[in-house]
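In: Need a 3D model of the following:
(chains A and B)
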Amino acid sequence: MKDIILKAENISKQYRLGQVGTGTLTHDINRWWHQIRGKENPYLKIGDTNDRSTKGNSDYVWALQDINFEVKRGEVLGIIGKNGAGKSTLLKILSKVTAPTTGTIKCRGRIASLLEVGTGFNGEMTGRENIFLNGAILGMTKKEIASKLDEIIDFSGCERYIDTPVKRYSSGMTVRLAFAVAAFLEPEVLVVDEVLAVGDAEFQKKAIGKMQDISKSGGRTVLFVSHNMVAVKQLCNRGIVMEHGKVKYDGNIDDALAKYLEINSGDENSHKIIYKVDESKEAQILSVELRNENEHEITEFFTDQDIYIHITLRNNSYEENLRLNFSILDKYENLIFINRRALDFTGVKKWILKVPNNALIANTYIIGLALDIPKIKLLDFPQNKLGLNIINLTQEEFKDGDVENGFFKIPVEWKM
Amino acid sequence: MNNTENNKDWLFEITPKNNFFSLNFKEIWQYRDLLLLFVKRDVITVYKQTVLGPLWYLIQPLFTSVTFTIIFNNVAGINTGTIPPFLFNLAGVTVWNYFTACLTGTSDTFKANANIFGKVYFPRIITPLSVVISNLIKFGIQFFIFVFFYIFYYIKGANLTLNGLVVFFPILIAFMGILGLALGMLISSMVTKYRDLSHLIGFGIQLLMYLSAVMYPMELIKDKLPQFGWLVSYNPLAYIIETSRYLLLSTGNISVLGLLYTLVITIVLFLIGLLVFNKTEKSFIDTV
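Out: Predicted coordinates:
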């Protein structure tokens, strides 16, 4: 029990939609009137779940609903979810920027939050002055900062400009300096939002490395929110998946990432296409869908996952040479791979095609399908094609942040 | 059983509501370095990249006092007794300036700092406190110019006697600062939801100045405008300015009752300001 450092109980957060302005005063008065009579806030009973795509019927939404979790000392917890799932709201509550509508968070240590690098930087002040100001805003004392000043300046790599006003810095230098200050924070719990999204690839690598140091050698607890799956996988040992303001999954990071992909594709319906039955065609592709090894429907795959493509076909023709063309196209629909198989059946049948893991490099692909009789005729060639996204998790092709990495992994050999 | 035991050793809790008057001194003390750095930032950034630097602090009260002397004393003929009108006005303007600087500086605390407050937590009261303190430094510089002219007129042979009670002058200034802070906290909290107030504050301060005995003795308005005089006598600021002049220049009256009234109003306003401020700081980021 002792090693639980942070505990969230029934955290909920309600927001009011639309303009704050007209009607605010009447709602405030109504709320106050309920409060002095000892009644519950009338606006807490209403409110929709947080789903931005649907049209709600209330002015109030719950950005977070009944969030419960515990974090152990030394744990690195990744919080993942789509845009608008409530991740940032949760971080704001954890870092005391805003209060929850209901529920409590209990903590056994100092929480420092890094929702942004360089908060409170003043352009008129020099780099050195800003290190002190920013450090103090983040909760360090002057003494602490002074003792780490040399390390901070060294880490930032801005030594030459340290007595120049920050307004003369390039944006990259500002970010470096700001992150350097944050990197030397020493709280018991560190809350980090997607600050790694800034800076170049080299800097991101440095930043992730520093975060790993903080959690591993320092034994500190880190709560990390990011869309960068690579960073999450590298850093975290536990993950919480959020959707529509609720916790959907809480467990080890690999399962959490897989769950995230499932949720991510679940509602966009882009993991499958069902084609309209056309009786005039002798043979037809009825549907195509993407699944993972557990039969879950997903649209995005990690490079180390096998891809299963389920294709349902109808064949009423007795032509012998009828075949299915399975092709992988790049995002501009250039053909990069094709594989064919004869349709040796009649009636309706489902084929499952497996693309083994680590065959394709992380990229955006399109799956093309066609039914034809070679050199004679094309029976079915649906124009509405299924997309396939492969996300890079630990591929060496991406470690230097190069954009072009090709499509296939081929076991090449070098000799001299 | 186990549960209640465990609850004791939590370092802190984040809950929806605050205690009303919770002014967490321990926390403010922890963040004292931030307070000082904010003060430093406010002071040094004002005169960075200017030629005259802190001298700009002196120009504004000097010109205001000259204008007041020409308009109110030479044109309108307000009598300041044996005290040189310019010195009379300078005393009023200097003290009044401290109040307005505190009020305007703190009244947009939440709005002006929304981007910092939205990203990181520290006791929010640090920000208005730093404004009051950095303005105190500015006041110190402006007071220096008053002392300069005081000596100048003294050498020229004006009838100036220093009141022994002048040792209490810092207390009066403290009151002025607390009043500015209290009103500033109150207004800044309300501005987060109702922006109307920020429009009010600019000319509100202008109007308030005329009710605060800045450029006339308090006696005078009671004599000349008995139907409006009561307005001034309900204004705690008027007592502070009138008393300041009494301490510095031995002119006008000192009203013990008025000062007691000022004390009570200041404390009450400060507590209300603190209450509203505490309530606002928890979730203002959602409405600002």
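In: Where does pLDDT dip in the stretch 51-200 of chain A?
Out: For the stretch 51-200 of chain A, the stretches flagged by pLDDT under 70 are A:51-59, A:195-200.
In: now the strands: where do they sit in it?
Out: A:60-72, A:76-81, A:102-107, A:111-114, A:189-192 (DSSP state E, counting those that start in this stretch).
In: by contact count, what packs against the first one?
Out: Contact here means 3 or more Cβ pairs under 8 Å, 6 or more residues apart in numbering or on different chains; DSSP states H and E; on that basis strand A:60-72 packs against strand A:4-16, strand A:48-49, helix A:87-94, strand A:221-225, strand A:246-252. (Glycine included, C-beta is placed from N, CA and C.)
In: Comparing those by mean pLDDT, which bottoms out?
Out: Mean pLDDT is lowest for strand A:48-49 out of these, coming in at a mean of 62.
In: Assign the residue with the largest distance to the centre of chain A to helix, strand or coil.
Out: The C-alpha centroid of chain A is most remote from residue A:318, which lies 48.9 Å away (Cα atoms, centre = their mean). The three-state label given to residue A:318 by DSSP: H, G, I helix; E, B strand; the rest coil is coil.
In: looking at the strands of the stretch 51-200 of chain A, which is closest to residue B:178?
Out: strand A:111-114 (31.5 Å; Cβ to Cβ).
In: CA atoms of that closest one as CSV?
Out: Output in CSV follows, covering the C-alpha atoms of strand A:111-114 (Å, rounded to 0.1, in the frame of the first residue of the first chain):
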residue,chain,number,x,y,z
ILE,A,111,3.9,17.2,-8.6
ALA,A,112,5.6,19.3,-11.3
SER,A,113,3.9,19.7,-14.6
LEU,A,114,5.4,20.2,-18.0
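In: ok, it: who's next to it in the sheet?
Out: Strand A:111-114 sits in its sheet next to strand A:189-192 (parallel), going by DSSP bridges.
In: ok, and what's touching the strand it pairs with?
Out: Applying Cβ atoms under 8 Å, 6 or more residues apart in numbering or on different chains, the contact partners of strand A:189-192 are A:5-6, A:71, A:91, A:94-95, A:107, A:109-115, A:211, A:214, A:220-225.
In: what separates the spatially most central residue of chain B from residue A:276, distance-wise?
Out: Centroid-nearest residue in chain B: residue B:99, 2.7 Å away (criterion: Cα atoms, centre = their mean). Per Cβ to Cβ, to the nearest Å, residue B:99 is found 77 Å from residue A:276.
In: likewise residue B:241?
Out: For residue B:241, the distance to residue A:276 equals 85 Å [Cβ to Cβ].
In: Which of those two has more residues huddled nearby?
Out: A direct count of neighbours by other Cβ atoms under 10 Å in any protein chain shown for residue B:241 and residue A:276 places residue B:241 higher, at 27 against 8.
In: I'd like the average pLDDT over the strand or helix carrying residue A:309.
Out: For residue A:309, the element it lies in under DSSP states H and E is strand A:307-315. The pLDDT scores in strand A:307-315 average 92.
In: buried set for the helix or strand harbouring residue B:169?
Out: With elements taken from DSSP H and E, the one containing residue B:169 is helix B:169-191. With burial defined by 16 or more other Cβ atoms under 10 Å in any protein chain shown, the residues of helix B:169-191 counted as buried are B:169, B:172-173, B:175-191.
In: cool, stretch B:48-61 as well?
Out: For stretch B:48-61, the buried set under the neighbour-count rule, 16+ other Cβ under 10 Å, comprises B:57, B:61.
In: circling back to that earlier point, could I get the helices and strands packed on strand A:60-72 as JSON lines with distance to residue B:203 and mean neighbour count?
Out: As requested, those are arranged in JSON lines below (distance: least, Cβ to Cβ, whole Å; neighbours: other Cβ atoms under 10 Å in any protein chain shown):
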{"stretch": "strand A:4-16", "distance to residue B:203": "31", "mean neighbour count": "20"}
{"stretch": "strand A:48-49", "distance to residue B:203": "43", "mean neighbour count": "15"}
{"stretch": "helix A:87-94", "distance to residue B:203": "36", "mean neighbour count": "24"}
{"stretch": "strand A:221-225", "distance to residue B:203": "45", "mean neighbour count": "24"}
{"stretch": "strand A:246-252", "distance to residue B:203": "50", "mean neighbour count": "16"}
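In: how about these in CSV, adding distance to chain B?
Out: What follows is these, written out as CSV (distance: least, Cβ to the nearest Cβ, whole Å):
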stretch, distance to chain B
strand A:4-16, 6
strand A:48-49, 17
helix A:87-94, 7
strand A:221-225, 13
strand A:246-252, 18
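In: To residue B:72, which of these lies closest?
Out: Of the helices and strands packed on strand A:60-72, the one closest to residue B:72 (Cβ to Cβ) turns out to be strand A:4-16, at 49.9 Å.
In: Those residues of chain B touching chain A, which are they?
Out: Proximity of chain B to chain A, by Cβ under 8 Å from any Cβ of the partner chain, involves residues B:2, B:6-7, B:9-17, B:30-31, B:33-34, B:36-38, B:40-41, B:44-45, B:48-49, B:115-122, B:193-194, B:282-283, B:285-287.
In: What about those residues, which are in helices?
Out: Those of the residues of chain B next to chain A mapping onto helices are B:2, B:6-7, B:30, B:33-34, B:36-38, B:40-41, B:44-45, B:115-117, per DSSP state H.
In: Can you give me the distance of the residue in the stretch 51-200 of chain B that chain A sits nearest to to residue A:206?
Out: Nearest residue of the stretch 51-200 of chain B to chain A, counting by Cβ to the nearest Cβ: residue B:121, 3.7 Å away. Going from residue B:121 to residue A:206 by Cβ to Cβ gives 27 Å.
In: again with residue A:138
Out: Taking Cβ to Cβ, one finds residue A:138 at 19 Å from residue A:206.
In: Compare the two and say which is more crowded by neighbours.
Out: It is residue A:138, of residue A:138 and residue A:206, that has more neighbours when counted by other Cβ under 10 Å, with 23 against 19.
In: ok, that one touching residue A:180?
Out: No - counting by Cβ atoms under 8 Å, residue A:138 does not reach residue A:180; the two are 11.9 Å apart.
In: Tell me which residue in the stretch 151-288 of chain B sits closest to chain A.
Out: Residue nearest to chain A within the stretch 151-288 of chain B: residue B:282 (3.9 Å; Cβ to the nearest Cβ).
In: neighbours around that residue, how many?
Out: For residue B:282, the count of nearby residues is 19 (other Cβ under 10 Å).
In: Neighbours of the closest residue in space to it that isn't next to it in sequence, how many?
Out: Of all residues not flanking residue B:282 in the chain, residue A:99 sits nearest, at 3.9 Å (Cβ to Cβ, 6 or more residues apart in numbering or on different chains). A count of nearby residues for residue A:99, using other Cβ under 10 Å, gives 21.
In: From residue A:115, how far out is residue A:99?
Out: Computed as Cβ to Cβ, the residue A:99 to residue A:115 distance reads 16 Å.
In: pLDDT wise, what is the residue nearest in space to the middle of chain A at?
Out: Nearest to the geometric centre of chain A sits residue A:227, at 2.8 Å (Cα atoms, centre = their mean). For residue A:227, the pLDDT comes out at 72.
In: Just to check, it is in contact with residue A:194?
Out: Yes - if you go by Cβ under 8 Å, residue A:227 and residue A:194 touch, sitting 6.4 Å apart.
In: quick revisit: can I assume the residue farthest from the centre of chain A is in contact with residue A:343?
Out: No - judged on Cβ under 8 Å, residue A:318 makes no contact with residue A:343 at a distance of 10.8 Å.
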